[in-house]
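Q: need a 3D model of the sequence below.
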Amino acid sequence: MTNSFPAIIATSNKKNSEKIIGVCRYCNVEFVCVYTFQQLIEHVQQTQYAFLIIADLLNNNSFIDHLTHIRNRSVDKYLPIIALYDDVDVCNHPKISELRAAPFDILHPSINEQVLICKIQLFLTLNHQKNALQKEIQNHFQSLTAKKEFFSNINHEFRTPLNTIVGMTELLVGSELYDEQKKYVQTIRRSGELLLAMINTIIDYSKIKSGTIEISSKPFQPKKILQKTIELLSGKLQAKHTELIEKIDSKVPEYISGDVLRFEQLLFNILDIAIHQTISNAITLNVRLHGKQDEKIILYMSIEDSNMELSDMHMASLKEEDSIENNTHVGLYVSRKIVEEMGGNIGFQKSHENKTELWCTLTFSKTAQESNRCVENPYNEDADEKLFECSELLPSDIRVLLVEDNQINVIVTANLLKKIGFKQITVVENGKDAVEHMTQKDYDFVLMDIHMPVMDGFEASRLIRNHIGIRNPNVPIIALSAQPVENLKKECSENGINDFISKPFTKNKLISVIKEVFPEIIFDYSNNDKQNRTKKTIPKKDKTLLLFDKKNLLERLEGDEALYQELIQGFLSDIPVQINKLEKAIVFDDLNTAERLAHTLKGAFSNVGAQLLQKNATELETFIKNDEPEKISHHMIQLKDYFDKITDYI
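A: Numbers count the residues shown, from 1 in each chain. All right, here's what the predicted structure looks like:
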């Protein structure tokens, strides 16, 4: 069996080295020999190896710790290891399970060549299978990426001219036209919208077949979508001389959270099929609240008719067979798949009275709008029917979970949220705590830092979207990071994050992103403390002081001197602790922790306007990532020097 990577043999014992080399040659494995622990670390950091055979380089007290360290520093974090060691008690070490997450074995140092040959052959087989699997996964993802790009391009090419047609006819409808001209323009507009809906169905059919369809989630008003879709199909109803009777349950929430485009597309498809198949003078659209469970809302939609027949092709589309050879109806097939993706069911049934019903159920999430905006009207005279009055959505109605490990960033972000009206703010310091809170309480909005200890923002967001115990898995998640936005967009999308804000951010930027999540939110600026808006006199030397931009910081805090003092006090007390942790991580060669701490410091410096410190931390993070000891040492000295100067200045 050939292998693309050589083995690495680490031993200072010449006799052991000769035996191991002989076995490797017998197994037709290329190899590299090293004779010290430092040489071993240098090699595994730079080159990928098929496996490691190590003997007599590690002492008894730190045997497991050293092996773990080798794995952590290796290019391949799952480097297979064969250790020649004579202490059988090491198998009971509490950390041995970490090593066994990848191929690992301990053999007696008196080398049995046949046993070693079997072990190497086993490791080579596992390595070959791993490489083959990785190649398959890579090919699969490349294929998916190509399909996604193709559908994105096709979608754009179709939509651009159609949107132009629909948009221009919209403008014409609003201009001065004769009645007959207006009728023609409305016909063009309606035809363009119908064509757009059909194109969406065809594209989604292709996405379903390639496994690339995605369901998004954002708040929307289902009743408005119902009216829009009915208006879109009014021309078809008139052409068939069919009336559409609407029965919309008053208990249907004003706002729900889900994929508005898929909801609209599904509604269009089933209405279009019903209109096409009916021979009646009237069909009935029923929409009612089917049930509520925790933060879930289930809607029931159906089209009732006394004379609607579905063909074999339609019925096949409602069944589980997915092959196009089944002669399925594309629109109904896509509808079934959308329903399944949205946690519902779809079917067709006949009653004893010969009435037919094409029905479906869909699962959505409650929103802050649905939960908090509407209250029962106590003056309703009709006791059999509950009426609700809704007020505007206010920030104080929204439950926010702020996930941030840096105290400086917590002070800034929490106070900005309070300034724009948010009152229900819960703060946790890592992704693990965020996931736990999401299983215990309902939140409407999450602000998620990306780089945190214990569990980062990406992993936490994935768990929130997929964890069974999460109360509101469709909650909007906004990422917070000191990284440039262009570096985050793809990763955020892949991990279920709705949007992102780069630190430091202003109040207006925060408002802008929140409005994307909650379009109906109303921000009331009248309660802002006017004295905090009074501009302070800033000494001229601050304008040219690159070490600390106090003026910019105060402007971002809207002149709030009390918040400025709180922030600076937190900065001066927290940063020395973080710098001390960073130094220790570097001394103990824990570069992953050091990189994370440097990133955290970068964000904190950015938030207070410490420009030189921010630049230093940015470069330091890069040097740690690239493992450049001399530059790391130089920047740590510079970092402490800058901090001493800023402390003296403040």
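
Q: what about the residue nearest to the spatial centre of the chain, which SS state?
A: Nearest to the mean C-alpha position of the chain, counting by Cα atoms, centre = their mean, stands G496 at 2.3 Å. Assigned with DSSP: H, G, I helix; E, B strand; the rest coil, G496 falls in the coil class.

Q: quick check: it touching A460?
A: No. Between G496 and A460 there is no contact under Cβ atoms under 8 Å: 10.0 Å. All C-beta spots, glycine's among them, are computed from the backbone N, C-alpha and C.

Q: before we move on, the earlier item: tell me the predicted confidence for the residue nearest to the centre of the chain.
A: On pLDDT, G496 comes in at 87.

Q: okay, now the nearest residue to it once chain neighbours are set aside: neighbour count?
A: Leaving aside its chain neighbours, G496 sits nearest to R465 (3.9 Å; criterion: Cβ to Cβ, 6 or more residues apart in numbering). The number of residues packed near R465 is 16, by other Cβ atoms under 10 Å.

Q: now do R465 against L620, distance only.
A: Distance of R465 to L620, computed by Cβ to Cβ, to the nearest Å: 33 Å.

Q: next one: stretch 177-186 to chain centre, how far?
A: Mean C-alpha position of stretch 177-186 versus that of the full chain (Cα atoms, centre = their mean, to the nearest Å) differs by 47 Å.

Q: pull out the buried residues from that stretch.
A: 185-186 (16 or more other Cβ atoms under 10 Å).

Q: does the residue nearest to G496 lie in a helix or a strand, and which?
A: helix 457-466 (DSSP states H and E).

Q: C-terminal to that helix, what's the next element?
A: Counting by DSSP H and E, the next helix or strand C-terminal to helix 457-466 is strand 477-481.

Q: who touches that next one?
A: By Cβ atoms under 8 Å, 6 or more residues apart in numbering, the list of residues contacting strand 477-481 from outside reads 404, 409, 413, 445-451, 457, 461, 464, 488, 492, 496-503, 513-514, 517, 603.

Q: now, of these, which are buried?
A: 404, 409, 413, 445-451, 457, 461, 464, 488, 492, 496-503, 513-514, 517, 603.

Q: number of nearby residues for E555?
A: A count of nearby residues for E555, using other Cβ under 10 Å, gives 15.

Q: counting contacts, what elements does whichever strand or helix holds it pack onto?
A: In the assignment (DSSP H and E), E555 maps to helix 550-556. With contacts taken as 3 or more Cβ pairs under 8 Å, 6 or more residues apart in numbering; DSSP states H and E, helix 550-556 sits against helix 541-544, helix 561-587.

Q: pull out the buried residues from that helix.
A: By 16+ other Cβ under 10 Å, the buried positions in helix 550-556 come out as 550-554, 556.

Q: and that helix, how far out from the chain middle?
A: 32 Å.

Q: what of stretch 415-424?
A: Worked out by Cα atoms, centre = their mean, stretch 415-424 lies 24 Å from the chain centre.

Q: same thing with stretch 242-250?
A: With Cα atoms, centre = their mean, you get 38 Å for stretch 242-250.

Q: then stretch 401-413?
A: Centroid separation for stretch 401-413 versus its chain: 19 Å, with Cα atoms, centre = their mean.

Q: for stretch 452-462, buried residues please.
A: For stretch 452-462, the buried set under the neighbour-count rule, 16+ other Cβ under 10 Å, comprises 452, 455-458, 460-462.

Q: any idea how this structure splits into domains?
A: Domain assignment for the chain by automatic domain parsing gives 7-111, 214-371, 395-528, 561-649.

Q: quick check: which of the ones you listed is nearest to K135?
A: Each of the domains of the chain was scored for nearness to K135 using Cβ to Cβ, and the closest is domain 7-111 (14.6 Å).

Q: start and end of that closest one, how far apart?
A: Terminal residues of domain 7-111 are spaced 17 Å apart (Cα to Cα, to the nearest Å).

Q: ditto for stretch 102-119
A: First-to-last residue span, stretch 102-119, Cα to Cα: 14 Å.

Q: walking through the stretch 251-400 of the chain, point out its helices one by one.
A: Ranges of helices in the stretch 251-400 of the chain, per DSSP state H, counting those that start in this stretch, are 260-277, 312-317, 330-341, 368.

Q: now do the third one, average pLDDT.
A: It refers to helix 330-341. Mean predicted lDDT for helix 330-341 stands at 82.
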